[in-house]
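*Asks:* I need the structure of the sequence given here:
(one chain, ligands or ions: 1)
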Amino acid sequence: MIRTPLMTVMVQAVRKAGRSLIRDFGEVENLQVSLKGPANFVSNADRKAERILQDELTKARPSYGFIMEESGEVDGADESHRWIIDPLDGTTNFLHGIPLFCVSLALARDGVPVAGVIYNPVTDELFVAEKGAGAFMNDRRIRVAARRNLADAVVCCGLPHMGRGDFAQFGREYATIAPKVAGLRRTGTAALDLAWVAAGRFDAFWERGLSPWDMAAGIVLVREAGGYVSDLDGGDKMLAKGDIIVGNDTVRRDLLALVSKA
Ligand code: IPD
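*Replies:* Numbers count the residues shown, from 1 in each chain. Model prediction:
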């Protein structure tokens, strides 16, 4: 585990937001049978968790700014530090009572993510990483998987969905990649996908059309777990471009070659 003052602040905030989400998730499970569904209730849960994070982090570091999924950007007196927050990544899963979602919190210094915490309150799995200090799940050090061949790899991806993304392009990527890997998965929570690559569960992950809060914490986790991260042109503009591909050096490189060919 990393016991720096920064990590203590981040972990406390994320756990508190996670407690709020888990209470609301219990309620969502009860609301599934209603015709209208729990949509409004879920956006309230999302906003509530974000407010908790913002309050806790402001108390601890009053001068830092924010980039938040729900409330947008807030400038701080300290122009070089910003929290990047997704209070509920995997909103659609949450809404449908699927217990696969997380809180994702990163700290960026001069635009570069340097610390990340991702928390799944259902499984109580806490993924943490700080630049130069390694990556951990709960108290255990984690590393990306060592498999060298795509044929042995379980690869995770994101899918275009209603009103978002290029379906034809994904179709080509699927047709190129699926026959060459051991398995292709889609969970519905990009932040957790990245944490699971860091933990060696998935060998690789790629997705287009993401927002900074979906990726920032996971980027630190994958790098600190010994993995490689790039955008889909092989550069490091993931946050600006919204696309990402991660894995160990060989698997990421070989998967990127397939994505580029598709
Ligand atoms: C979504 C999830 C999903 C990804 C979507 C994101 P949200 O985030 O990360 O896996 O495919 O593009 O928007 O909306 O649940 O915070």
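
*Asks:* And for stretch 155-166, what's in contact with it?
*Replies:* Under the contact criterion Cβ atoms under 8 Å, 6 or more residues apart in numbering, stretch 155-166 has outside partners 167, 169-170, 173, 177, 181, 183-187, 190, 193, 196-197, 202-210, 247, 255. C-beta: built from backbone N, CA, C; applies to glycine.

*Asks:* Show me the strands in the stretch 101-250 of the chain, by range?
*Replies:* Counting by DSSP state E, counting those that start in this stretch, one finds strands in the stretch 101-250 of the chain at the ranges 102-109, 112-120, 125-130, 134-137, 140-141, 154-157, 183-185, 204-207, 228-230, 244-247.

*Asks:* returning to what we had before: just checking: which of the contacts of stretch 155-166 also lie near the ligand?
*Replies:* 190, 209-210 (Cβ under 6 Å from any ligand atom).

*Asks:* who wins for neighbours among those?
*Replies:* residue 190 (26 neighbours; other Cβ atoms under 10 Å).

*Asks:* just checking, that residue touches residue 210?
*Replies:* Yes - using Cβ atoms under 8 Å, residue 190 makes contact with residue 210 at a distance of 5.6 Å.

*Asks:* picking up where we left off before, from the ones next to the ligand among the contacts of stretch 155-166, pick the one nearest the ligand.
*Replies:* Using Cβ to the nearest ligand atom, residue 190 comes nearest to the ligand of those, at 3.4 Å.

*Asks:* okay, the closest one: pLDDT?
*Replies:* You'll see residue 190 listed with a pLDDT of 98.

*Asks:* For it, which non-adjacent residue is closest in space?
*Replies:* residue 214 (4.3 Å; Cβ to Cβ, 6 or more residues apart in numbering).

*Asks:* ok, the one you found - how many residues close by?
*Replies:* Residues near residue 214, counting by other Cβ under 10 Å: 25.

*Asks:* ok, back up a step: could you dump the strands of the stretch 101-250 of the chain to JSON lines with mean neighbour count?
*Replies:* Conversion of the strands of the stretch 101-250 of the chain to JSON lines gives the following (neighbours: other Cβ atoms under 10 Å):
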{"stretch": "strand 102-109", "mean neighbour count": "27"}
{"stretch": "strand 112-120", "mean neighbour count": "25"}
{"stretch": "strand 125-130", "mean neighbour count": "24"}
{"stretch": "strand 134-137", "mean neighbour count": "22"}
{"stretch": "strand 140-141", "mean neighbour count": "10"}
{"stretch": "strand 154-157", "mean neighbour count": "22"}
{"stretch": "strand 183-185", "mean neighbour count": "14"}
{"stretch": "strand 204-207", "mean neighbour count": "26"}
{"stretch": "strand 228-230", "mean neighbour count": "20"}
{"stretch": "strand 244-247", "mean neighbour count": "28"}
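
*Asks:* could these go into TSV alongside distance to residue 237 and mean pLDDT?
*Replies:* Putting these into TSV (distance: least, Cβ to Cβ, whole Å; pLDDT from 0 to 100) gives the following:
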stretch	distance to residue 237	mean pLDDT
strand 102-109	14	98
strand 112-120	12	98
strand 125-130	21	98
strand 134-137	22	98
strand 140-141	29	98
strand 154-157	20	98
strand 183-185	25	98
strand 204-207	15	98
strand 228-230	9	98
strand 244-247	10	98
